[in-house]
Structures are given as C-alpha cells and as structure tokens.
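S.K.: Here's a sequence, model it:
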Amino acid sequence: MCPISRGAASRLLLIPFTVAAVSTARAQNPGAPIADLPPATLALTDLTDLRAVAGNWKIVGHVATDHESSPALVTLPGTGILVNTASGAPMSTKWEHGDLDLSFDVMLPKGSTPMLLLMGRYGLQLSDSWVPGAPAVATIGAVAPPWESARGPSHAGFEGTPPRQNAGRAPGLWQHVDIAFRAPLFAAGKKIANARFAKVSVNGVVVQENVQVTGPTRGAASGDERSSGPLVVEGAHGPIALRNIRYKSYRGAVTLADLHYRVYEGDAMDASYAASHAPVRQGAVAAISPDLPVPQDKFAVAYDGTMMAPTAGTYRFGLSLGWIGNDASTRGASIGGGTLSVDGTPVVAHTGGERRRTGDVELSAGSHAIAVSYYKNRPQFNRRDVAITVEGPGVERQSLTDDGGARGDGNAPINPIMIDAQSQTEPVLVRSFVRHRDTKRVLAMSVGDPRGVHFTYDLGQGSLLYVWRGPYLEMTQMWHERGEDQTSEPLGSSVTLTGSPSVSHLTSAAAPWPDSLDDREFHRDGYQLDKTGHPTFLYRVQGVSVEDAVRADLDGLTLHREIRMHAPPGVPQTDGLYVQLAQAGQIERQRDGSYVVGDRAYYLKLPANGSRPVLRHTNGMDELLMPVQFSRGEASVSYSIVW
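M.R.: Okay, the predicted model is just below:
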C-alpha cells in the first residue's frame, strides 16, 4: 500500500384473496443497483401549494449574494426558486406529513439563521455556518433544542444535537440537504415513541443519525404533538432561498400472508427446474427467509402467497442474490437467477447477470397473489443470501425477507478505517488511487492540514481533484484486507474540481484545453516539503518548470494556490502558455471581482491588483484561463478557492 509521507496518521476504527387489476410490468436497467421510485416535487411555479403566504415570500428565477458581507439576497424574475427576502411570516405547505423523506437545495446570505420545522414542530437549523471551529446547535444540520414549560417561565432550551461536523458552505452558494424524518407514534391517545431524525445529510455528508426529539422545538407554532403536520420554514430569522424541493411521505407498509414454500434439489438447477420437477420439501411458512433449510449449492426455492398493497400506484420490487459475483465466472444464468410475479404477471426477471434486479408494476389497493422463485449453482460459495424489497406510493422501501434485507449483497459490515489530520502537528500526506468522476486516478495524493482544510492532487497531470473541510480521509477501500476498489474517500463535504491539467500550451486562443498530457508534454519531478511539512509539487510542461504550492489559508476556510513557472534560457514554449483556473457549465464574474463556478458550487478569488483572466465558452463549457506572462524567465499565477 502507499505510505504516508509525513506525520503520524492514526486509524480510527472507529390476507383474503381478491382479484385486483395489474397493468404493465417493466424491468429496470439490468446493471443498475436497486433505485428508489422518484419522489414528488413541490411545484415552484407559483405559491398555490403553500398556505397563507405573506409578502416576504415569492417565486423567482435567479438568486445570488456575495460570500463576504451582504446580508441580503438579490433576485431576478422567473420560476423555480422560493425566496424569503426579508424578516416576516413563516412559509408552510398545504399538505401535512408524518414520516417524510425530504431533499432540497438551500442558499443563505451571510448571518442568516432560519430554521426548518418538520410537522411544524421539530426544528432543523439551516443557518449560515461558514465559520471555523467545532459545530454547535446553531450550525446547519443541527437538531434544534425543544422546550418545556416545566423548566421555568423562560421555556429555556435543553437537549439539542449539533451535527457531527460543520458541512456548511460559504454564503451565496447552493447547498444540498437530505432529511429522513420519522413522526412520533401514538396509541390510545398517548405518545409511545418520540419523533426522530433518522438521517440528515448536508452537502453529501451524514451529520445526524437516529436523533430523537422529546418535544416541539422552541419557536414552533404549537407546543402539542400529533401524528402529522405541515412543513414550515421560518421567515423571521433572515433571508433564505430554496429550490428542488422533493419529498416522499409514508403512510403504510406492504404485508404478506398465506405463504407456502417448495424446495428443489438437483444436479443442474435453472429457471425452469421447478416447473418440471417435484419438490423435496414443502409447507407453510411465516416469512420469506434466506435461512430456509436448503443445501449450500444446487437448490431452488419457490414461494407463493398473498400481498396486501395499502394504496394504488406504482410499486417497485427488487430481487438480490448474494451468490452472483462480479466477474464472468461467477455470474450468468448458469450461476443463479430468479423471478418475481404479481397476479401472474412477471415483474422481476433475474437472469444472473448482476446481483440485483428490479421491476415496476401498477397495482390497485388490496390483496394480490405474489410468487417468488430463485436458484443457486455455485459450489465454492457457501452463502445463500437472498433479499426481496418493495417500495410503493406512501410505502417506504422495505424488505420482504425476514432479515431486513441486510445480507442481500453478500457482504458483512466493515468498520471504517479513517485518518485524522486535525489532531496532527503537521500535514498528513497519503498516496492512493482516487475515483474522480468516471475515472480512477492512480497517481493521486491527498494532503490533510491540521487546520481542517484538505485537498486531493493528481501527480500525473498537476491538477486539483477535490477540496474539502472537516475530517480528513477514509481508507477502508484500500486498507481493509486486499481492498476492493483500492480508493480513498474524503470524509468531509468535498467540492469536485475539473481535474484537467493546470498548465498547458495552446496553439491558439480558441484551441480546446487538453483532457490530459502525455509523457512528452508532462514530466513529474516529485515534490518537496517546506519546513512546516507542506508539499510543493514539481513538474515540467514542455520544458517550463512548474512549482505548484497549495496551502490552507489562515482563516481555516479557504485554500490558496500559487503556481510558479520558470523558463530556462533557450526554451521556446513560453508563448501560448496558460493556467486553467476553472471549467464548468457556467462561470460568472461577481461585482467584487471574484468568480462563481458551476451552479454556484464555489468561488475563485484572484489578487486585486493581478491580471484579469480570460473567460471563454468552448465545447459547451465555460472556462477560466490565465495567460502566463514571463518576466526574465519567471512567472506566477495565484488564486484562492472559496467554498
């Protein structure tokens, strides 16, 4: 495995049968994993889906703010974005929910501290959190404290759960939030289970899991607890913009009854074996179970029974067979397969080409006949893992096998292997493979800074791949046993950068930027460490020597990059040399001279007295290039990445 170059990195192991209508069944992409059904979308063409909206809320088509000082949001007409422009009344949905999966994008100006209230009662902070230091109950993703009159007339707050890490980004950038919320449960008029934030992710990082709240949040519209309520966004604690609001509200579950099984054994099992042979065992069973007594190999199992669908609509079934492998010798119809039918209509046809297969079917509410069969031919693999899942309208994806579907992929849980950089006294350097977009970068180095600002660098192209803040690196895929994908993963909320060569020659100002440089154009010279342990990467581009120094800024929030170039006497390749600063679908110059990159994903800040880069559009992408200007054979380009 690749060694750590400097610093001691620690590993932290851290029911009655009735005939019901069934329409077309359709299979999913054969190679795809089990994917959930698409969520509902809150229409943001106007305010008709919202209740009693005050004048501080409006629908717009564009919104922006700067990351340094402005406490306001600037908007342009259009649709698709819900904005609270000033302190005022809250926004709430007309529909109410109990169990809810919710996702949305949010933009906050500097200092804004609004709160999202699930069921109008249970608060999750959406505050501007672009500050260094440990997360608190005011950080984005924090579960807000509840209140209780018995604690005194001030209703003083207690409890409250900070997020695991501060995954917030700079003001004026779009941030993404995913929430899995579970409502309180009641029986005979009494609460028997608290409301719960099952999972909260901010910008791709899980910051909360299984956090219970004992009562409504301070500032909730009501102090009582019920089984449902509206989705509410505060309007009195600063501007906020929301878009891409998608949700799934859950109301019931699929149940099975009258189940019978049949077991078949033979020398060569296939999809038709059960139809032409008698079972060796059969009987009634309470559940579909991967632990049904069968041989380790050369067997088939068939189940049939009834399934109760609580509501009408599209249902997605999944069938996973753990003995289907990843290579040609361990997959295919000779290894295993199966079928799942509803009311006699095939829904899932598992032909052994991949571990998981899915299919959709339209069902009416009520009882349906269900039949499942599968077989195994793999003597060197002794597990018999099988998992069957279903999801439908108002039905969260659930397992129809009695082990919760946890073993359907044939893999046991693995304790993650993580490297901590923030407890070190100098940077931690780790060489590894890195997955970047659709490729595996095999000459990558990740640099973890004790300030908590990290990056991954491609040594083979002189390019930045990722930047992130917070925890440093997970190495499970590389260091567990022989490793699987052999890659490292950022532990914080990472921003994906272009990954193209940073320095290159162009034959003309309109020439396309290269995706990569070959050995004739790019020569690696390693890296050198300064007295604090920070690396400066060294390479040559067609004879021009390059020193690439990437350092965490003192604010603990941003990253500064300085690319110094030296052209020895007699090297002609100085004309037409450029540094690529950014490439994205869109890049816009801001009023303060900085640039916002992509869909407001991050900022680039250049020196105030420096040269102005070229912003061009080529091959469907915006590109920010800095022409390199040499003076006595020396040149430099510097900028900061802000996110």
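
S.K.: List the contacts of the residue positioned nearest the centre of the chain.
M.R.: In the chain, the residue lying closest to the centroid (CA atoms, centre = their mean) is residue 204, at 3.9 Å. Contacts for residue 204 (CB atoms under 8 Å, 6 or more residues apart in numbering) come out as 167, 176, 493-494. (C-beta placed from N, C-alpha, C; glycine too.)

S.K.: again, 10 Å this time
M.R.: When contacts are counted by CB atoms under 10 Å, 6 or more residues apart in numbering, residue 204 touches 167, 175-176, 178, 468, 490, 492-494.

S.K.: Quickly note the distance from residue 107 to residue 60.
M.R.: 11 Å (CB to CB, to the nearest Å).

S.K.: Name the residues contacting each of these two.
M.R.: Any residue near both residue 107 and residue 60 by CB under 10 Å, 6+ apart counts here, and that gives 73, 81, 83, 241, 243.

S.K.: Can you tell me the closest non-neighbouring residue to the second one?
M.R.: Going back to what we said before, that points to residue 81. residue 243 (4.7 Å; CB to CB, 6 or more residues apart in numbering).

S.K.: if we can go back for a sec, from the contacts of residue 204, which is closest to residue 102?
M.R.: Closest approach between these and residue 102, by CB to CB: residue 178, at 7.4 Å.

S.K.: was I right about the closest one contacting residue 104?
M.R.: Yes: assessed by CB atoms under 10 Å, residue 178 is found in contact with residue 104 at 8.6 Å.

S.K.: Now do the shared contacts for these two.
M.R.: With CB under 10 Å, 6+ apart as the test, residue 178 and residue 104 both reach residue 246.

S.K.: and those two? which has more neighbours close in?
M.R.: With neighbours defined as other CB atoms under 10 Å, residue 178 and residue 104 compare such that residue 104 has more, 20 against 16.

S.K.: Now do the more buried one against residue 81, distance only.
M.R.: 11 Å.

S.K.: any common contacting residues for those two?
M.R.: Counting by CB under 10 Å, 6+ apart, the residues touching both residue 104 and residue 81 are 242-244.

S.K.: Please indicate which of the residues you listed are buried?
M.R.: 242-243 (16 or more other CB atoms under 10 Å).

S.K.: and residue 359, how many neighbours?
M.R.: The burial count for residue 359: 23, using other CB under 10 Å.

S.K.: Using the three-state scheme, assign it.
M.R.: Assigned with DSSP: H, G, I helix; E, B strand; the rest coil, residue 359 falls in the strand class.

S.K.: Quickly list what it is bridged to.
M.R.: With DSSP bridges as the criterion, residue 359 is bridged to residue 27, residue 317.

S.K.: Thought residue 305 was touching residue 256, still the case?
M.R.: Yes: counting by CB under 10 Å, residue 305 is a contact partner of residue 256 at 5.6 Å.

S.K.: which of those two has more neighbours?
M.R.: residue 305 (21 against 18).

S.K.: Just the terminal-to-terminal distance for stretch 489-498.
M.R.: In stretch 489-498, first residue to last residue: 17 Å (CA to CA, to the nearest Å).

S.K.: Tell me the one among the contacts of residue 204 nearest to residue 373.
M.R.: Set against residue 373, the nearest of the contacts of residue 204 by CB to CB is residue 178 (35.9 Å).

S.K.: which stretches of the stretch 101-250 of the chain have low pLDDT?
M.R.: Applying pLDDT under 70 to the stretch 101-250 of the chain picks out residues 147-158.

S.K.: What ranges does the stretch 401-550 of the chain have for its strands?
M.R.: Assigned by DSSP state E, counting those that start in this stretch, the stretch 401-550 of the chain shows strands spanning 418-420, 428-436, 439-448, 453-458, 463-469, 473-474, 489-490, 493-496, 503-505, 522-529, 535-541, 544-552.

S.K.: Need the winner for burial among the ones you listed.
M.R.: Comparing the strands of the stretch 401-550 of the chain by mean neighbour count (mean count of other CB atoms under 10 Å), strand 453-458 ranks first with a mean of 26.

S.K.: can you give me the mean pLDDT across it?
M.R.: The average pLDDT for strand 453-458 rounds to 97.

S.K.: Give me the sheet partners of that strand and which way each runs.
M.R.: Under the rule (DSSP bridges), strand 453-458 has strand 439-448 (antiparallel), strand 463-469 (antiparallel) as partners.

S.K.: what residue ranges in the protein are flagged as low confidence?
M.R.: Ranges of the chain meeting pLDDT under 70: 1-34, 147-158, 403-413, 482-484, 572-573.

S.K.: Run through the helices of it in chain order.
M.R.: 273-276, 476-479 (DSSP state H).

S.K.: what are the C-alpha coordinates of the last one, in PDB please?
M.R.: Only the C-alpha atoms of helix 476-479 are listed here, as PDB (Å, rounded to 0.1, in the frame of the first residue of the first chain):
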ATOM      1  CA  THR A 476     -11.300   1.300   4.100                       C
ATOM      2  CA  GLN A 477     -11.400   0.500   0.400                       C
ATOM      3  CA  MET A 478      -7.600   0.500   0.300                       C
ATOM      4  CA  TRP A 479      -6.600  -1.000   3.600                       C
END
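
S.K.: which strands and helices sit next to that helix?
M.R.: strand 428-436, strand 489-490 (3 or more CB pairs under 10 Å, 6 or more residues apart in numbering; DSSP states H and E).

S.K.: can I get the helices of the chain in TSV with mean neighbour count and distance to residue 559?
M.R.: What follows is the helices of the chain, written out as TSV (neighbours: other CB atoms under 10 Å; distance: least, CB to CB, whole Å):
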stretch	mean neighbour count	distance to residue 559
helix 273-276	14	60
helix 476-479	19	24
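
S.K.: Distance to residue 188 for these - can I get that in a markdown table?
M.R.: Below are these laid out as a markdown table (distance: least, CB to CB, whole Å):
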| stretch | distance to residue 188 |
| --- | --- |
| helix 273-276 | 47 |
| helix 476-479 | 46 |
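
S.K.: Out of those helices, flag the one nearest residue 558.
M.R.: Ranking those by proximity to residue 558 (CB to CB) places helix 476-479 first, at 28.5 Å.

S.K.: Now find how far off-centre stretch 500-515 is within its chain.
M.R.: Distance, stretch centre to chain centre, for stretch 500-515: 32 Å (CA atoms, centre = their mean, to the nearest Å).

S.K.: can I have that stretch written out in CSV, keeping just the CAs?
M.R.: Listed next in CSV are the C-alpha coordinates belonging to stretch 500-515 (Å, rounded to 0.1, in the frame of the first residue of the first chain):
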residue,chain,number,x,y,z
SER,A,500,-7.7,18.7,-16.2
PRO,A,501,-4.0,19.7,-16.4
SER,A,502,-3.5,23.0,-14.7
VAL,A,503,-0.8,24.3,-17.1
SER,A,504,-0.7,23.7,-20.8
HIS,A,505,0.2,25.3,-24.2
LEU,A,506,-2.5,26.2,-26.6
THR,A,507,-1.8,26.6,-30.3
SER,A,508,-4.3,29.4,-30.4
ALA,A,509,-6.6,31.3,-28.1
ALA,A,510,-9.5,29.3,-29.4
ALA,A,511,-7.8,25.8,-29.1
PRO,A,512,-9.6,23.4,-26.8
TRP,A,513,-8.0,22.7,-23.4
PRO,A,514,-6.5,19.2,-23.2
ASP,A,515,-8.1,16.5,-21.1
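
S.K.: List the buried residues of it.
M.R.: 500-506, 513-514.

S.K.: Which of residue 107 and residue 60 has more residues huddled nearby?
M.R.: When residue 107 and residue 60 are compared on other CB under 10 Å, the one with more neighbours turns out to be residue 107, at 24 against 20.
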